[in-house]
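S.K.: 3D, please:
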Amino acid sequence: MELVRRDEQLHVTRRSLLRLADFRRVVLGQFISQSADAAMLLLLAKQLLFTGADGPTPVLLAQAVLSSAAPLVLVGPIAGLVADKWARKQVLVSGQAIRSVLALATIAVVVFHLHLALIAVFVLSLCASRLLYTARIASVRHLVRQHELVAADSLMSIVGVIAGLIGGMVFASLVRLSAVLVLVAVAIGHFAAAYAYDQTRSWLGGEGETSTLRWRAVLAQLSCGKTRYAVLATSTHRCLVGVTVACVSMNLDGRTGGSASGYAATVGVAGLAGFIGSLTSEWANEHLRRRALTIGVFAASGLVLVPVQFVNSPMLCLAIIGLIAFCFQNLRVASDATIQANAAPGSCGRVFAAYDVAFNLTYVGGLLVGLSLSSNISSEVGLMACAPLFFVGAIVFAVIERDVRIGDTQDAAALVVESRESTPVAV
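M.R.: So this is what the prediction gives:
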């Protein structure tokens, strides 16, 4: 089993992808949209969740679980269906226009302090973000070549982080003057994003791309070959990341007298490390085979947890979170590209949505497990338990089959053919 790529790889730089006009327009639309998203969600969170006090870490973790799970459960599978059934370009343009109108409507909700309506707007915003994300990520493979997918996904991940920071700056600068100004800026931003997407000339998939493919055929793809390997590896690692984040947050919480600083520090370090992981993911993909990358990510995550068994230091805990988040992001970007590259025509939206729901819900589950362990036993026990589990993951994904088996391929292909033939054709 070769771990390092020895064959000649066509080097792809993120900067070179920006020379593709339509890809550049989609990235610009993403940047504007996510900047506006960040500003609006911060405003809504301030109004709903964090007004008056930061709150203790267990409460903030519970809020993080709820805000993460709500859009996944409510709109995750629907987002994939929408991305496959309707033209994705139209989904992106119309979705941004609706978000612009929603931001303007929220002005009245904020001015008149309509609490229930504010909750509804918050949930709708999270769901809309998830739907647009699925449509956008399913479109990428129509804008770049297959060997460019990792570079494209890493670039879009980097842009997302920068957009979040810009959105936070817009929120911080305008909220002191008026919440209404924030919402007006958000509405303008979403309208500008709709215009950027509308300028795209490439076909982004969706309607007309075997849109009659049945769910059974989609699920068959998730159960075979490289797709299954990517889903299992990413979901397993993400679950253990959730446990680690919760345990470190609670560990720091005990050292800071129950303030939110421990949680904020943990999330901040994880976010920064994830950003760095996006920067290195293209290099890792060019030099390591996917199986080697997966094994290395699990083994490295287990190794960095070993010192916790002997030294219990806040700075060490934060460094551990950073290294594990860095490892996960390298794995995630590679897995995203695997899902995009191997999904059958007409199913990329649903296959990617199922993968996205799987690894994000396992993260939510990991947070709950870590919170329970820290509250009922101790955060140190939770961290100690994660180390051997990461090593077990490295062993499992070293031996588990990744290549597509002939039987699996035939079964999935038969379901795709069956799905197409069973759909009446207008003549």
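
S.K.: What score does the residue nearest to Ala341 when sequence neighbours are not counted have for pLDDT?
M.R.: Of all residues not flanking Ala341 in the chain, Gln146 sits nearest, at 5.1 Å (Cβ to Cβ, 6 or more residues apart in numbering). No exception for glycine: its C-beta is placed from N, CA and C like everyone else's. Note on Gln146: pLDDT of 88.

S.K.: and if you look at Ala264?
M.R.: For Ala264, pLDDT reads 78.

S.K.: element containing it?
M.R.: helix 261-287 (DSSP states H and E).

S.K.: Enumerate the positions of that helix that are buried.
M.R.: Neighbour-count burial for helix 261-287, counted by 16 or more other Cβ atoms under 10 Å, picks out 262-267, 269-270, 273-279, 281-282, 284-285.

S.K.: and it, what does it pack onto?
M.R.: Helix 261-287 is packed against helix 57-85, helix 149-175, helix 225-255, helix 314-342, with contacts defined by 3 or more Cβ pairs under 8 Å, 6 or more residues apart in numbering; DSSP states H and E.

S.K.: Mean confidence (pLDDT) on the third one, please.
M.R.: Averaging the model's pLDDT scores along helix 225-255 yields 90.

S.K.: got the angle between that helix and helix 261-287?
M.R.: Going by axes from the mean of the first three to the mean of the last three Cα atoms, to 10 degrees, helix 225-255 is angled at 150 degrees with respect to helix 261-287.

S.K.: what's the angle from helix 225-255 to helix 314-342?
M.R.: 160 degrees.

S.K.: cool, and the first one?
M.R.: Our comparison of helix 57-85 with helix 314-342, counting by the same axes, to 10 degrees, yields an angle of 10 degrees.

S.K.: Would you mind putting the CA coordinates of stretch 312-327 into PDB?
M.R.: Output in PDB follows, covering the C-alpha atoms of stretch 312-327 (Å, rounded to 0.1, in the frame of the first residue of the first chain):
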ATOM      1  CA  ASN A 312      -3.100  19.300  32.300                       C
ATOM      2  CA  SER A 313      -2.400  22.700  31.000                       C
ATOM      3  CA  PRO A 314      -4.900  25.200  29.500                       C
ATOM      4  CA  MET A 315      -2.400  26.200  26.800                       C
ATOM      5  CA  LEU A 316      -1.700  22.600  26.000                       C
ATOM      6  CA  CYS A 317      -5.400  21.900  25.700                       C
ATOM      7  CA  LEU A 318      -5.900  24.800  23.300                       C
ATOM      8  CA  ALA A 319      -2.900  23.700  21.200                       C
ATOM      9  CA  ILE A 320      -4.400  20.200  21.100                       C
ATOM     10  CA  ILE A 321      -7.700  21.600  19.800                       C
ATOM     11  CA  GLY A 322      -5.900  23.600  17.200                       C
ATOM     12  CA  LEU A 323      -3.900  20.600  15.900                       C
ATOM     13  CA  ILE A 324      -7.000  18.300  15.800                       C
ATOM     14  CA  ALA A 325      -9.100  20.900  14.000                       C
ATOM     15  CA  PHE A 326      -6.200  21.400  11.500                       C
ATOM     16  CA  CYS A 327      -6.100  17.700  10.800                       C
END
